[in-house]
Structures are given as C-alpha cells and as structure tokens.
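Q: turn this into a structure:
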Amino acid sequence: MSYLTKGLTFNALRYANTARLPLFKNGKGEPAHSMPDGSDWSPGDWMMATVGELGELGNILKKVRRGDISLDDAMPSIRKEFADVVTYLDIFAMQLDVDLGEAVADKFNEVSRRVGADVFIGRNSDIRKNDPA
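A: Numbering: from 1, shown residues only. This next block holds a predicted model:
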C-alpha cells in the first residue's frame, strides 16, 4: 500500500526553500546569507536553527502544560512552529545533499518491514518510473 499526495510534497518544499533562501533577510533587513544556497552556514549552524525552532515549539507546549494557555488557544502558534521546524529541517537536509522525502520514505518502509506492518510510502523515484504520463 502506498500513499500519494496532491498537496505539499517534500519536493515542493525544497523548490520553495531553494527559491526563497537567497531572498531571506535578517532582522536588520540585510541578506541573511552570503551564499544564495545558505552554504555560508555550517551544518552545525543549520542544526542550531532547526533545534531553535523545536525549542520554540517546546516553549509553547511548556506554557500549555503549566496552565498559562489552553491547548486550543496555543494551536495557531503550535502549527506555525511545526512549520518552521519542517522548513529548517529541509534546508538543513539540503546542505548535506539529503533528499528528505526519499530519506523519510526509506526509513518509514524499513520500520514497516521490521514491525510487520503492510503500510509503505512510495518513493518519488519509484512513482516517476511507474508514471504513465
């Protein structure tokens, strides 16, 4: 069994990140990167950016846990932080030449085989090979 999407794909996210990264400005309105692909930041820099977004998500959830805000009220912020995490994770993967969609599909399928689940994700390259169009 494979699941296909008609919405956002990892490929679409990668394309959008590649297009937007050279346009990104820092808090002072200056270009955030000297290299258009973000390669002026090290993998460690991209890891810190990704973990920073996870930290922002964690901070919101901490406030929910201690009763400062309800989960319902926090959901708009939670959704935005999840989006930031995924965006930074894709840029981080791009810096290491990792196709995030292929990597996720491969790992998901590996675990499905290991646990005996008949649930698999089709890889983009497999879909393209079998696409009659």
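
Q: element containing the nearest residue to residue 40 once chain neighbours are set aside, please.
A: Closest residue in space to residue 40, ignoring its immediate chain neighbours: residue 34 at 4.5 Å, by Cβ to Cβ, 6 or more residues apart in numbering. The C-beta positions use only the backbone N, C-alpha and C, and glycine is treated the same way. Taking DSSP states H and E as the criterion, no element holds residue 34; it sits outside all helices and strands.

Q: and for residue 38, the neighbour number?
A: 21 (other Cβ atoms under 10 Å).

Q: what pLDDT does the model give the closest residue to it other than its chain neighbours?
A: Leaving aside its sequence neighbours, residue 38 sits nearest to residue 21 (Cβ to Cβ, 6+ apart; 5.1 Å). For residue 21, the model assigns a pLDDT of 95.

Q: so residue 21 makes contact with residue 33?
A: Yes: counting by Cβ atoms under 8 Å, residue 33 is a contact partner of residue 21 at 6.6 Å.

Q: which ones are touching the spatially most central residue of the chain?
A: Closest residue to the average C-alpha location of the chain: residue 86 at 2.3 Å, with Cα atoms, centre = their mean. Taking Cβ atoms under 8 Å, 6 or more residues apart in numbering as the criterion, residue 86 is in contact with residue 13.

Q: is it in a helix, a strand, or coil?
A: Assigned with DSSP: H, G, I helix; E, B strand; the rest coil, residue 86 falls in the helix class.

Q: residues touching residue 18, list them.
A: Residues counted as contacts of residue 18 (Cβ under 8 Å, 6+ apart) are 37, 94.

Q: how much space between it and residue 24?
A: As for residue 18, its distance to residue 24 is 12 Å (criterion: Cβ to Cβ, to the nearest Å).

Q: try residue 102
A: Separation of residue 102 from residue 24 (Cβ to Cβ): 25 Å.
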